[in-house]
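Q: no sequence on hand, only this structure:
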Ligand SMILES: Nc1ncnc2c1ncn2[C@@H]1O[C@H](COP(=O)(O)O)[C@@H](O)[C@H]1O
Ligand SMILES: Nc1ncnc2c1ncn2[C@@H]1O[C@H](COP(=O)(O)O)[C@@H](O)[C@H]1O
Ligand SMILES: [Mg+2]
Ligand SMILES: [Mg+2]
Ligand SMILES: [Mg+2]
Ligand SMILES: [Mg+2]
Ligand SMILES: [Mg+2]
Ligand SMILES: [Mg+2]
Ligand SMILES: [Zn+2]
Ligand SMILES: [Zn+2]
């Protein structure tokens, strides 16, 4: 299909303006601009405000949005010791961005965005939130909580959350064990040991980690059914696509075949990329695929999976809307799995 | 397109049999089987034998193949101290694998493959190689040298090389700085510090790294030209696809747009996945795409790129075969860039 699918966490409006990261003078001017925007994160929890009522997906109730602060609002925190980590997220174009042109930049005219990590700066989250705004609240750091954000806020939070999680887990140099420090406005960590080989040449140890994961809807040979599984931690009744981490020296297509066979015993032939999703829990790239089975018998890997079954297209259409007679359902629209499943269910013909 | 493209380094014949990695008893029996196969690697250099004459690609001259050894051939090394790192690579099916069915496994009947890392075990590479086989030779560790391997050997080397490079760079825990040790037959590293938080729950710090990189052929709005660039380290006359590392919280499609704009100043709209390639230098997943430009003017980022230009389809057809009048050419068929470029050049119509 030539349609471009954008998934939740993927609706970016910022130009990342990577060239500015290495320019401390530009960054410090941008920080002080009166229209610059700051988001606050603490222990990966974003500071949010209540927004309109949300009824889509499985997150019923009040929606949230990022609480946007100005330099003035947070300058006392920026000056506190130890200096809180600061990420430069990018520049928001003042013109409305059109799809396919998300990078249009107006340089000095755009609005710089920053994320400030206040982990460890306070004890009481409610009290700290209220000090920023009477209606502010720290969301939980889990993925379900994030799914109440508007799409463009979710993408900005995804970027900041993945980076901050990386900084939290990668405080030491994997090559020599010495402490590392944040550089390039949050996009690099450098070893403090001057003799470390990681300082000679370019090494992935200094850069943020993004782990590719394949997530696949396997379609039966006759094209009428698809294969879904349940992880043990899923809510009861929920089925989703099989998925797994890619391994070194592997293609996406082989990873789909390997993980499907490992988890369900089903063999896969053809694989087709559908769309992808940045998943900031902590930092994976979910690669959504449709795949064609070449066998049928299921043999569930009981270590990873609770159950796996073939479902007809008719069942899937009911599961997408929560109307399946046995109470089965699939993840909400914010999940890539939902979109990959829906795309197949709505396909007029077989794969 | 519904055709499945498999690129160099991606022609896997082994079932990785991941369940066996955690089964030391199975591994130690498999190691001693008379038909088990061992490859030797030292400082990322594979032990090879000379095979037939090679004339495809830009690697003219003698082809190489992996030197396959038996348990007997290397048991004295396996017993030496310090114990050399050993990777379990997978099981070779005895039946000829058909495309799309690379995972067919015959359990105990298949042939287990291992890689042994002899880094530091000898000083003279030539002498060490000859001790294994009178015609054996250690290839260099760079990507050009690897490109003389037969496709299925290249895929096995890719898997082993990426893993060994990870073990070489990740000897310390990024969470606490303590030493780590290899586990699960080479697919995990565990922190030696019992109190480390990386031992509680699942953390990416313990698993091999795979860095997704987008590599794209950008097509002009009229569909008649494509955009290629030169990195400074390229041989003179060579042009290739633009490419760049994906960042946290980003989609593949946005990464294509961002890197194209950063490196060439050209705007991109639609993006279509073509095929991918594991690139074991050291451990990236190259994601090959076709992309549609929405602007034309080139503004080269001189830090990263030497030159970038639009080429007509006619020029590209000549560059693919080394017949361009100005001596321009593209990377060899083993490179994903070549395949992504060729696929467009041979397309009858516009994208
Ligand atoms: N980068 C990674 N991050 C977390 N877990 C990983 C990673 N790579 C491999 N794993 C393992 O993969 C398991 C999940 O299985 P799967 O997602 O099906 O591959 C985890 O429990 C880990 O043991
Ligand atoms: N995982 C990574 N490994 C190596 N270099 C990286 C990585 N992530 C970002 N980089 C940076 O990306 C540069 C190459 O640019 P590009 O491939 O166009 O993104 C390198 O010189 C590094 O500064
Ligand atoms: Mg799995
Ligand atoms: Mg897995
Ligand atoms: Mg899984
Ligand atoms: Mg770049
Ligand atoms: Mg880059
Ligand atoms: Mg680049
Ligand atoms: Zn170091
Ligand atoms: Zn540790």
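A: That came through, no problem. Being a predicted model, the structure only gives us computed values, none of them experimental. Ligands and ions are numbered 1, 2, ... in the order given.
Q: what's the local residue count around residue A:194?
A: 7 (other CB atoms under 10 Å in any protein chain shown). In this view, the C-beta of every residue, glycine as well, is placed from N, C-alpha and C.
Q: OK, contacts around the closest residue to ligand 10 within the stretch 251-351 of chain A?
A: Proximity of the stretch 251-351 of chain A to ligand 10 (CB to the ion) peaks at residue A:282, 16.2 Å away. Neighbouring residues of residue A:282 by CB atoms under 8 Å, 6 or more residues apart in numbering or on different chains: A:161-162, A:165-166, A:169, B:204.
Q: same question for residue A:176.
A: A:191, A:193, A:196-198, B:172.
Q: could you find the closest non-adjacent residue to residue A:50?
A: Among residues not flanking residue A:50 along the chain, residue A:62 sits closest, at 5.3 Å (CB to CB, 6 or more residues apart in numbering or on different chains).
Q: actually residue A:342, not the one I wrote
A: Closest to residue A:342 by CB to CB, 6+ apart is residue A:320, at 5.8 Å.
Q: all strands of the stretch 1-150 of chain A, in order?
A: Per DSSP state E, counting those that start in this stretch, the stretch 1-150 of chain A carries strands over the ranges A:37-42, A:45-54, A:61-66, A:86-92, A:111-117, A:137-138.
Q: the residue nearest to residue A:342 and residue A:335, how far apart?
A: In this structure, residue A:320 and residue A:335 are 12 Å apart, going by CB to CB, to the nearest Å.
Q: what's the burial count for whatever residue of the stretch 51-200 of chain A ends up closest to ligand 6?
A: Taking CB to the ion, ligand 6 has its nearest neighbour within the stretch 51-200 of chain A at residue A:187, 12.4 Å off. Residues lying near residue A:187 (other CB under 10 Å) number 20.
Q: and it, how far is that from residue A:160?
A: Distance of residue A:187 to residue A:160, computed by CB to CB: 12 Å.
Q: next one: residue A:240
A: Distance from residue A:240 to residue A:160, by CB to CB: 26 Å.
Q: quick one: contacts for residue A:186?
A: Listed by CB under 8 Å, 6+ apart, the contact partners of residue A:186 are A:21, A:85-88, A:115, A:163, A:167.
Q: name the member of these with the most neighbours.
A: Going by other CB under 10 Å, residue A:163 tops the contacts of residue A:186 with 26 neighbours.
Q: where along the stretch 151-300 of chain A do the strands fall?
A: Under DSSP E, counting those that start in this stretch, the stretch 151-300 of chain A gives strands at A:180-183, A:188-191, A:211-219, A:225-231, A:242-245, A:268-279, A:284-293.
Q: centre of the chain versus stretch A:265-282, how much separation?
A: From the chain centre to the centre of stretch A:265-282 is a distance of 15 Å (CA atoms, centre = their mean, to the nearest Å).
Q: so which bits of that stretch are buried?
A: Using 16 or more other CB atoms under 10 Å in any protein chain shown as the test for burial, stretch A:265-282 gives A:266-280, A:282.
Q: cool, and stretch A:325-342?
A: Buried residues in stretch A:325-342 (16+ other CB under 10 Å): A:328-342.
Q: nearest to ligand 9, of these?
A: Taking CB to the ion as the measure, ligand 9 sits nearest to residue A:336 out of those, at 35.9 Å.
Q: coming back round to it: look up phi and psi at the residue of the stretch 251-351 of chain A closest to ligand 10.
A: phi -90, psi -40 (degrees, to the nearest 10).
Q: and it, what's its pLDDT?
A: Confidence at residue A:282, expressed as pLDDT, is 97.
Q: for chain A, longest helix please?
A: helix A:151-169 (DSSP state H).
Q: is any residue of that one near ligand 1?
A: No. Using CB under 6 Å from any ligand atom, helix A:151-169 never reaches ligand 1; the gap is at least 10.7 Å.
Q: show me the contacts for residue A:156.
A: Counting by CB under 8 Å, 6+ apart, residue A:156 has contacts A:12-14, A:39, A:66, A:89, A:113.
Q: most neighbours, which of those?
A: Going by other CB under 10 Å, residue A:12 tops these with 28 neighbours.
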